[in-house]
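Participant: Okay, here's the prediction I keep looking at, along with the sequence it came from:
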Amino acid sequence: MLALIFPMIDQVALQLGPVPIRWYSLAYVTGILLGWRYVLYLSKRPPHSLDRQDIDDFIVWATLGIILGGRLGYVLFYRPEFYFANPLNILIVWQGGMSSHGGMLGMIVATAIFARRRKTHWLAVGDLMVCAVPIGLFFGRIANFINGELFGRVSDVSWAMVFPHGGPLPRHPSQLYEAGLEGLVLFIITAWLALGTKALERRGLLSGVFFTGYGIARIIVELFREPDAFLGFLAVGATMGQWLSLPVLIGGLWLIHYSRRSSAPPS
């Protein structure tokens, strides 16, 4: 069975003295910084819901929401028995264990609290922020690929790869599928809506499109991704990722429906 050669890349991107800077950390930093610049650019368009100071301040909230939500999501959704029995291990984040669904939930909570403190509608914040989320998802999935983790199921497609920790058989490079769908495709769709239409003036539309698109993309990619070994397949043969994506998809469809009767106030 033919297979592509997996590119062996050191998981440590930079070594600053005794401190190793890993690709996964760089993915988070790059995604947040590029997302921040992109949101600043979008905020110049009507309805001008947030000013620069608001966006600068929200970066701290977003970072905390992503990291805390991602970690707690992994603990609660994937390995609650282990972490409840070993609570101190929750703090050992450098050994891995982050949930994209948890990070998304953390962002939603951070957005809601921030919007309430600034006395603005949470969707006024959310519609801008979801346009930047695909940037972080793209770099995060590329980092997953470099690390050789979260690989796909065994396959005989011509682009399948033998991953270092995936056994001797070639597998789908599902991390790249996710980078393409959750990252690149969703970025293009939301960018076209935000820059080419008046979607920003229909409160909830961009958030709805993002959540709907993410839910569909993740459910599809999970068909090619190897389930977590400690979970396997769940009810009706679905994976944890698919079950967690279902409410995301439903919530996104509801927001699109909501946006049909909602518009942002004039600037």
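Facilitator: Here it is on my side, so go on.

Participant: Pull the contacting residues for the closest residue to residue 21 other than its chain neighbours.
Facilitator: Closest residue to residue 21 apart from its sequence neighbours, by Cβ to Cβ, 6 or more residues apart in numbering: residue 14 at 4.0 Å. C-beta here means a position set from N, CA and C on the backbone, and glycine is covered the same way. With contact taken as Cβ atoms under 8 Å, 6 or more residues apart in numbering, residue 14 is in contact with 20-21, 26.

Participant: Secondary structure element holding the most centrally placed residue in the chain?
Facilitator: The centre of the chain sits closest to residue 137, judged by Cα atoms, centre = their mean, with a distance of 4.2 Å. If you go by DSSP states H and E, residue 137 is part of helix 122-147.

Participant: so what does that helix touch, helix or strand wise?
Facilitator: In terms of contacts (3 or more Cβ pairs under 8 Å, 6 or more residues apart in numbering; DSSP states H and E), helix 122-147 is packed against helix 23-42, helix 52-77, helix 100-117, helix 174-178, helix 186-196, helix 205-221.

Participant: could you dump these to TSV with distance to residue 165?
Facilitator: Conversion of those to TSV gives the following (distance: least, Cβ to Cβ, whole Å):
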stretch	distance to residue 165
helix 23-42	15
helix 52-77	18
helix 100-117	20
helix 174-178	13
helix 186-196	28
helix 205-221	19
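
Participant: Can you check which of these gets nearest to residue 91?
Facilitator: Smallest distance to residue 91 across these (Cβ to Cβ): 8.9 Å, for helix 52-77.

Participant: ok, residues contacting the first helix or strand past that closest one going along the chain?
Facilitator: Note on helix 52-77: by DSSP H and E, the next helix or strand toward the C-terminus is helix 80-85. Under the criterion Cβ under 8 Å, 6+ apart, residues 75, 89-90 lie in contact with helix 80-85.

Participant: And those, which is closest to residue 202?
Facilitator: Of all the contacts of helix 80-85, residue 75 has the smallest distance to residue 202: 36.2 Å, by Cβ to Cβ.

Participant: Residue 256 contacts residue 212, doesn't it?
Facilitator: Yes: applying Cβ atoms under 8 Å as the test, residue 256 and residue 212 come out as touching, 6.5 Å apart.

Participant: which helices and strands sit right next to the helix or strand where residue 258 lies?
Facilitator: For residue 258, the enclosing helix or strand under DSSP H and E is helix 240-259. Using 3+ Cβ pairs under 8 Å, 6+ apart, the elements in contact with helix 240-259 are helix 100-117, helix 205-221.

Participant: In CSV, could you pull the C-alpha coordinates for that helix?
Facilitator: Only the C-alpha atoms of helix 240-259 are listed here, as CSV (Å, rounded to 0.1, in the frame of the first residue of the first chain):
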residue,chain,number,x,y,z
MET,A,240,-17.7,12.7,20.5
GLY,A,241,-16.7,15.4,18.1
GLN,A,242,-19.9,14.8,16.0
TRP,A,243,-22.1,14.8,19.1
LEU,A,244,-20.6,18.1,20.4
SER,A,245,-20.9,19.6,16.9
LEU,A,246,-24.7,18.9,16.7
PRO,A,247,-25.8,21.6,19.2
VAL,A,248,-23.3,24.0,17.5
LEU,A,249,-25.0,23.4,14.2
ILE,A,250,-28.5,23.8,15.6
GLY,A,251,-27.5,27.0,17.4
GLY,A,252,-26.0,28.4,14.2
LEU,A,253,-29.2,27.7,12.3
TRP,A,254,-31.2,29.4,15.0
LEU,A,255,-29.0,32.5,14.8
ILE,A,256,-29.4,32.7,11.0
HIS,A,257,-33.2,32.6,11.5
TYR,A,258,-32.9,35.2,14.3
SER,A,259,-30.9,37.5,12.0
